[in-house]
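[1] Sequence first, then the predicted structure, then my questions.
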Amino acid sequence: MSDTTIPLIAADGTPLKRKLAQSLMRSRARAFGLALPLLAFILVLFVYPIANFLTQAFYDARFATLMPGTTEVLKDWDAVSAPTEEMAAALVADLVVSKKEKTIGKVATRVNREMSGTRSLFTKTARSAKKLEAPYMEALIKKDKDWSDIEVWQAMKTASRVYTPAYLAAAVDLKMLADGSIVRQDEDRRIHVILFWRTLEISFLVTIFCFILGYPVAYMLSTLPARKSNLLLILVLLPFWTSLLVRTTAWIAMLQAQGVLNDLFVVFGLASDDDRFSLIYNKTGTLIAMTHILLPFMILPLYSVMKTIPPSYVRAAKSMGATNWTAFWRVYFPQSVPGIGAGALLVFILAIGYYITPALVGGQDGQMISNFIDFHMRKSLNWNLAAAMGLVMLVFVLFMFWIYDRIVGIDNMKLG
Amino acid sequence: MALDYTNNAFVRFDRVQKSYDGESLVVKDLNLDIPKGEFLTMLGPSGSGKTTCLMMLAGFETATHGEILLDGVSINNIPPHKRGIGMVFQNYALFPHMTVAENLLFPLEVRNMGKSEREAKVKRALDMVEMGDFGGRRPAQLSGGQQQRIALARALVFEPELVLMDEPLGALDKQLREKMQFEITRLAHNLGITVVYVTHDQTEALTMSDRVAVFNDGVIQQIDAPDVLYEQPKNSFVAQFIGENNTLEGVLEDIKDGVALVKLDNGDVIDAKPVNVSAKGDRTRVSIRPERVEFRKDRLKKGAHLLNAEVLEVIYMGDILRTRLNVAGNSEFIVKTRNAPDQTRLNAGEIIEIGWQPEDCRALDA
């Protein structure tokens, strides 16, 4: 069998491999056909919008399309020497068009992102651009002396790039200069990296807390007789049937300064009435509420894995002389690792993108990255930065998967 | 090996009772002495209490009442890991995340044994079950029979004096099972260990054991050597449970010179050996093994009572012939005859006369 080099031939003379592929073809096609609606659904409504949105993290053609002449001229400028008359002429021409087509607002917003305070410079100049005459540079400076500031022109050059690393840089507290070099953001404006770290820290702590609280519960569920364990499982699942919002607001009632928990502390003398614990609208609140909400995601995979570990393993270990602890640690625990892996990964990844709970109970220092993405989506309307932050998150989560795969092995994960 | 049944029992169950729910007893007043070096099998249908007894001995269940002694010491309050009893589980319970060698090292590591000693013992144990080359494999890479051997080696590697086996061969096919039956007995006798073996397979019990304890309903029905158990069952449960058996029901007419005269329900009278019937008029169930039924008059004693029987079916099984008869209203009466050249072949529909030696026919409780 091993020393045949001639490919095997089917009865009708075709190579066996091709014959096999042919015979499997139809059943594969049928299976694919069944999966097709879902695939189409996911592609159209999930993959495409997300991919499209994420491209905004590094693709921004607004300035380039609205100010084509200026973009063309700025391309040849070295961003160091003085702005030329040619640049000024192109700018004035583009401003006239953008005023007429009412797109000047978009242009001004775009440049303002690179250099704050330039919005009015653009809108004001565009209003009277028609009347400006050559030499245009002088006319511009006469209109507003800010046009003599080279930084304005540098900002325009940066904004004119269609593919730009500027947003991604901004998402990690870096800044791209007009000459294309990337430097660290000014110290007082570095907020994103701290936020990423905090998001990681909160996710990590929530995962740990869920594990510490969930492991014994899952163990108990898996060892109880079916009737009792099913009842308790319903209690574990109960939170799933309640709205996330309700559960979060319930925690507000529990944890706030005049809330149930603080009242109890005061009653038992653990805190004085005028110096109550601040358990909510900070990181503590986020941690408590998120741990509670994500706990079932840890318990369920753990439970389903523990359910498959026969009690005879621990018994065997004990019969061989292992103490309860050794039997647990060397025999039971290693076999529950696939459940821990699945649960931890699930909780961690859900936590890292958590939004509503930190938004409601997080206060200032309990905010997470998703809250900032939301801020840029709805308040500052800087979708490019939102996309860049999202992309950084996505890459990071994929990186975590990779690490997990290296350490635990993705095929070692059991969800049930 | 001469076993000492009288004193110094190695394992002793002393009036042991077990209840799980506080309402019914799973094990009722169990008294059992197992001498050192004995291979004792607990045999019984499921739910008869045999596994519970084993688990109590291992320490995974606590006795509700009574005492279990190991080498003269009460072990009721000793946790399982301090009892030093080896155990082979039904599904082997080999740790899937460890290699075969690591599985065997485990009991030695928890005993803090030195490294070189550990490895020597593992090697010896693996060689003993002829699995010396498999130390690096994972249990999942082994066949059922190989896993069984490893489980056995693991239970023996720390040299326990008592080894418990809970239906260890249940998952193997027939051929492998027979091979392992032989190997387990050989190992047990060579090592001189005491084995308590639980099974519901009577063939296994008969072929492997020094003594077999037949359990039913939480009570040991009979405990005896296999041949005694088979040939001299003490009650109708044991007669039914061990081997194949024909029963006829009737009333005790008389006992004369150790032979009971039983009047069957259809009026025929037969001879039997009284076992647990005494008073005239008692209802009794007589039991006779299929291979002890004789239909050739020259082999029977003069004056033996004969019964008319109608041949219903002859089943050819190669080494033996199984003939189904209708005897005294029992149409499931089986006769087994060796397929020998001089054997008379019966044909369906024939009317014959059958009989037996009175000592082979046992009058038991109804």
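    Arrived safely, thanks for sending. Predicted model, so just to flag it, every value in this text is computed and none were measured. Residues are numbered from 1 along each chain as shown, chains lettered A, B, ... in the order given.
[2] domain assignment for the chain?
    I went with chain A, as the question did not name one. Per automatic domain parsing, the domain ranges recorded for chain A read A:1-55, A:62-164, A:192-412.
[3] other chain: chain B
    Annotated domains of chain B cover B:11-236, B:244-365 [automatic domain parsing].
[4] Which of those domains comes out lowest on mean pLDDT?
    When the domains of chain B are compared on average pLDDT, domain B:244-365 comes out lowest at a mean of 86.
[5] Now do it: distance from first to last residue.
    Using CA to CA, to the nearest Å, one end of domain B:244-365 lies 18 Å from the other.
[6] same check, this time on stretch B:264-282
    So stretch B:264-282: terminal residues 12 Å apart, CA to CA.
[7] what's the answer for stretch A:161-177, then?
    End-to-end span of stretch A:161-177 (CA to CA): 12 Å.
[8] any idea of the mean pLDDT in that stretch?
    If you average the pLDDT over stretch A:161-177, you get 87.
[9] How about the stretch 151-300 of chain B: which residue is closest to chain A?
    Across the stretch 151-300 of chain B, no residue is closer to chain A than B:F158, which sits at 6.6 Å (CB to the nearest CB). From N, CA and C alone the C-beta is placed, and that goes for glycine too.
[10] State the number of residues packed around that residue.
    Number of residues near B:F158 (other CB atoms under 10 Å in any protein chain shown) recorded here: 20.
[11] What's the separation between it and B:E117?
    B:F158 sits 11 Å away from B:E117, going by CB to CB, to the nearest Å.
[12] Check A:E138 too.
    A:E138 is 98 Å from B:E117, by CB to CB.
[13] neighbour-wise, which of these two wins?
    Neighbour count, other CB under 10 Å: between A:E138 and B:E117, A:E138 has more, with 15 against 10.
[14] residues in contact with that one?
    Shown in contact with A:E138 (CB atoms under 8 Å, 6 or more residues apart in numbering or on different chains): no residues.
[15] now swap in the one 10 residues further on and tell me
    When contacts are counted by CB under 8 Å, 6+ apart, A:S148 touches A:I141.
[16] Show me what from chain A comes close to chain B.
    A:310, A:312-313, A:315-324, A:326-327, A:330-331, A:334-335 (CB under 8 Å from any CB of the partner chain).
[17] try 6 Å
    Residues of chain A found near chain B (CB under 6 Å from any CB of the partner chain) are A:312-313, A:315-316, A:318-323, A:326, A:331, A:334.
[18] mind giving me CSV with these and columns for pLDDT?
    Listed next are these as CSV, based on pLDDT from 0 to 100:
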residue, pLDDT
A:S312, 91
A:Y313, 94
A:R315, 93
A:A316, 94
A:K318, 93
A:S319, 92
A:M320, 93
A:G321, 92
A:A322, 93
A:T323, 93
A:T326, 94
A:V331, 94
A:P334, 93
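[19] Now, of these, which are buried?
    Buried by 16 or more other CB atoms under 10 Å in any protein chain shown: A:S312, A:Y313, A:R315, A:A316, A:K318, A:S319, A:M320, A:G321, A:A322, A:T326, A:V331, out of these.
[20] now, which of those residues sits nearest A:W153?
    Of all those, A:W153 sits closest to A:V331, with 70.9 Å by CB to CB.
[21] from what I can see the closest one touches A:A317, true?
    Yes: under the criterion of CB atoms under 6 Å, A:V331 makes contact with A:A317 at 4.4 Å.
[22] phi, psi of residue 115?
    In the absence of a named chain, this looks at chain A. Main-chain dihedrals, A:M115, degrees, to the nearest 10: phi -140, psi 110.
[23] Chain B is the one I meant
    Torsion angles, degrees, to the nearest 10, at B:K115: phi -60, psi -50.
[24] burial of it, as a residue count?
    So B:K115, with other CB under 10 Å, has 10 neighbours.
[25] same deal with A:Y303?
    Count around A:Y303 with other CB under 10 Å applied: 24.
[26] From B:A151, how far out is the residue of chain A found nearest chain B?
    Closest residue of chain A to chain B, CB to the nearest CB: A:M320 (3.5 Å). Counting by CB to CB, the gap between A:M320 and B:A151 amounts to 11 Å.
[27] Next: B:Q175.
    Applying CB to CB, the value for B:Q175 to B:A151 is 19 Å.
[28] now B:E159
    Relative to B:A151, B:E159 is positioned 16 Å away (CB to CB).
[29] and B:A205, how many neighbours does it have?
    So B:A205, with other CB under 10 Å, has 26 neighbours.
[30] biggest helix in chain A by residues?
    Longest helix in chain A, counting residues (DSSP state H): helix A:192-223.
[31] Return the set of buried residues in that one.
    Result for helix A:192-223 [16+ other CB under 10 Å]: buried residues A:192, A:195-196, A:198-200, A:202-203, A:205-207, A:209-211, A:214-215, A:217-219, A:221-222.
[32] So which residue is smack in the middle of chain B?
    Most central in chain B under CA atoms, centre = their mean is B:A205, positioned 3.1 Å from the mean C-alpha point.
[33] State the distance from that residue to B:F215.
    11 Å.
[34] Likewise for B:G303?
    From B:G303 to B:F215 the distance is 40 Å (CB to CB).
[35] between those two, who's got more neighbours?
    Shown here are B:G303 and B:F215; by other CB under 10 Å, B:F215 has more neighbours (28 against 6).
[36] what's the neighbour count on A:L350?
    16.
[37] Quick check: which element contains it?
    Using DSSP states H and E, A:L350 maps to helix A:333-352.
[38] How about the contacts made by A:K19?
    Contacts for A:K19 were tallied using CB atoms under 6 Å, 6 or more residues apart in numbering or on different chains; they are A:A10.
[39] One more pass at 10 Å, please.
    A:L8, A:I9, A:A10, A:A11, A:D12, A:G13 (CB atoms under 10 Å, 6 or more residues apart in numbering or on different chains).
[40] who wins for neighbours among those residues?
    Among the contacts of A:K19, the one with the most neighbours (other CB under 10 Å) is A:A10, at 14 neighbours.
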